[in-house]
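Q: show me how the following folds:
(2 chains, ligands or ions: 2)
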Amino acid sequence: MTNTPTNSFEWVWFIAQKYSELFIRGTWITLVVSVIGTLTGFLLGYAVGMIEDVSISKDDHPVKRCILGALKAAAKVYVELFRGTPMIVQAMIVFYGLRQSGFEIDSISAGILVTLLNTGAYMSETVRAGIKSIDPGQREGALALGMSPVSAMFHIILPQAFKNIVPEMANMFLTNLKMTSVLNVIGVQELFLQAKTAGGTYYKYLESYLVIAIIYLVLCFVFSRIFTLVEKKMANKKDYVLAIEYMENTQ
Amino acid sequence: MKDTSIIRVEELGKSFGEHQVLRKIDFSVEKGECVCILGSSGSGKSTLLRCINQLETQTCGKIYFHGQELGRKQKEINTYRSKVGMVFQSFNLFNNMTVLQNCMEGTRRVLHLPKEEAHSRAITNLKSVGMAPFINAYPAQLSGGQKQRVAIARGLCMNPEVLLFDEPTSALDPEMVGDVLNVMKSLAKENLTMLIVTHEMDFARDVSSRVLFMDRGYIVEDVPPEEFFTAPKHPRAKEFLSRFIAG
Ligand SMILES: Nc1ncnc2c1ncn2[C@@H]1O[C@H](COP(=O)(O)OP(=O)(O)OP(=O)(O)O)[C@@H](O)[C@H]1O
Ligand SMILES: [Mg+2]
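A: Ligands and ions are numbered 1, 2, ... in the order given. All right, here's what the predicted structure looks like:
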């Protein structure tokens, strides 16, 4: 850099170039934390959502009833806790809580853990609503063939619920992409923290945050396009091919 | 006396909370019979079928399958259900699967048949209901009558010993009712054991081997169709029939 920047636009460009390494690293960590955190969070959300959906029957074995009851209670507490507190507070409590109890957890792992727990709590409600939205007749149709309730859930109900939930899952990922910025409080070197560092030297905070605003925008734009494509791909085909080989004497 | 029945229901009762829907139900079904269950709305016909299929658990009483009391173990119930199929008023085809997949799901996942055999069974049964050309269609792309014929084929693929029908034609447009009834008639001719809840009086009279008439949770008539349609004994049955003849 030979010339000193004279206006904000030039400063944005200057900061972006000078600290490109920081921003690239920040982008990478933001992506890693949000992708891993979201995907594992989805798994947890499905598990918790299904546990919440199971009903305990009088005919079940007492041990099974006990375990199910405990799981359901735990699920309820977990969901309430994580939906009822801000992610930034969760980050502090999880990170320092683990450290003080002797777990040497690094900040990225803690960040992923918080994202996953947070996502799981919201996702479980989405999954539960998704399961509820499927006509009970689908389950009865499966049971009437002799499928077990678990098999009916995995092969008939969940695939249909999943399809309905995909837009909400996409939404959640985009939210997480942005929400990981709060993880700077536990020292995760994602975009926000990098911008803070980059802005510090020249005292150009506005310009530095403009840089990451653009990065967030581009990331969200790209991912939302990808999700739209995926949703289109997943829609049931509108047409079907008649199997003419079986056409003979039918109406 | 030796019990030759496929299904026998003994002293069966069902309540939803305070509401007693089935009371002291006693009857049995022999192999090859086509039993029609008639009765006015709310008399408990659907609930009875759902208890027989264990989609509802009875409050009291027993169900015997080939003389064996049906237990409460999930595994046992699954096996029993794979032999006692059910066709629903609202079809309940799997929306995420094609017609062919619908017909292979049970044979593959429950009976664990090899793919080729499941496939050929599906095609055979779809042919018999006239739906084989539609193997690639999804349920949403079919008319009600077509869906119901696929649902019957799906049930038949399991080679069930008994097939239960709950008002299979009630959700259909009048011009499609005939197609479905014809399929059921031919099943009766092949001596498939069937238990059919229906409001199709002509079908009950011409095809069934026995009529059960239900009133307020009781079976009040259990007689051959000729007798039921010409000389009903119970006053509610008389009233019920006169409404149908008038309408
Ligand atoms: N899940 C349920 N919870 C509470 N009550 C129920 C339930 N299912 C059925 N009932 C009640 O049981 C009674 C009998 O219902 P059922 O569906 O068996 O009648 P039905 O003879 O099949 O009538 P229809 O000809 O209208 O189908 C009704 O009064 C109904 O309100
Ligand atoms: Mg009914």
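Q: now the residue in the stretch 101-250 of chain A that chain B sits nearest to. Nearest residue, chain neighbours left out?
A: Nearest residue of the stretch 101-250 of chain A to chain B: A:Gly146, at 2.9 Å (CB to the nearest CB). For glycine as for every other residue, the C-beta is placed from the backbone atoms N, C-alpha and C. In this structure, A:Gly146 finds its nearest non-sequential neighbour in B:Ser82, 2.9 Å apart by CB to CB, 6 or more residues apart in numbering or on different chains.
Q: tally of neighbours for that neighbour?
A: Other residues lying near B:Ser82 total 20 when counted by other CB atoms under 10 Å in any protein chain shown.
Q: gap between it and B:Asn159?
A: Noted for B:Ser82: a distance of 9 Å to B:Asn159, by CB to CB, to the nearest Å.
Q: what does A:Ile134 give?
A: Distance from A:Ile134 to B:Asn159, by CB to CB: 28 Å.
Q: the more surrounded of these two?
A: Between A:Ile134 and B:Asn159, A:Ile134 has the larger neighbour count (other CB under 10 Å), namely 19 against 14.
Q: quick one: contacts for residue 46?
A: In the absence of a named chain, chain A is used. A:123-124, A:127, A:158 (CB atoms under 8 Å, 6 or more residues apart in numbering or on different chains).
Q: ah, I was thinking of chain B
A: Going by CB under 8 Å, 6+ apart, B:Ser46 touches B:166-167, B:197.
Q: just send these back as JSON lines, with distance to chain A, neighbour count and secondary structure too.
A: Shown next, in JSON lines, are these (distance: CB to the nearest CB, whole Å; neighbours: other CB atoms under 10 Å in any protein chain shown; DSSP: H, G, I helix; E, B strand; the rest coil):
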{"residue": "B:Asp166", "distance to chain A": "10", "neighbour count": "22", "secondary structure": "strand"}
{"residue": "B:Glu167", "distance to chain A": "13", "neighbour count": "20", "secondary structure": "coil"}
{"residue": "B:Val197", "distance to chain A": "14", "neighbour count": "22", "secondary structure": "strand"}
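Q: burial of A:Val114, as a residue count?
A: If we define neighbours as other CB under 10 Å, then A:Val114 has 29 of them.
Q: and for A:Leu206?
A: 12.
Q: against A:Gly26, how distant is the residue nearest to it when sequence neighbours are not counted?
A: Closest residue in space to A:Leu206, ignoring its immediate chain neighbours: A:Ser8 at 6.9 Å, by CB to CB, 6+ apart. Counting by CB to CB, the gap from A:Ser8 to A:Gly26 is 21 Å.
Q: between those two, which is the more surrounded one?
A: The residue with more neighbours, out of A:Ser8 and A:Gly26, is A:Gly26; 27 against 12, by other CB under 10 Å.
Q: quick check, central residue of chain A?
A: The centroid of chain A falls nearest to A:Thr38 when counting by CA atoms, centre = their mean (2.9 Å).
Q: separation between that residue and B:Gln141?
A: A:Thr38 sits 34 Å away from B:Gln141, going by CB to CB.
Q: any stretches of chain B with poor pLDDT?
A: Scanning chain B for pLDDT under 70 picks out the ranges B:1, B:246-247.
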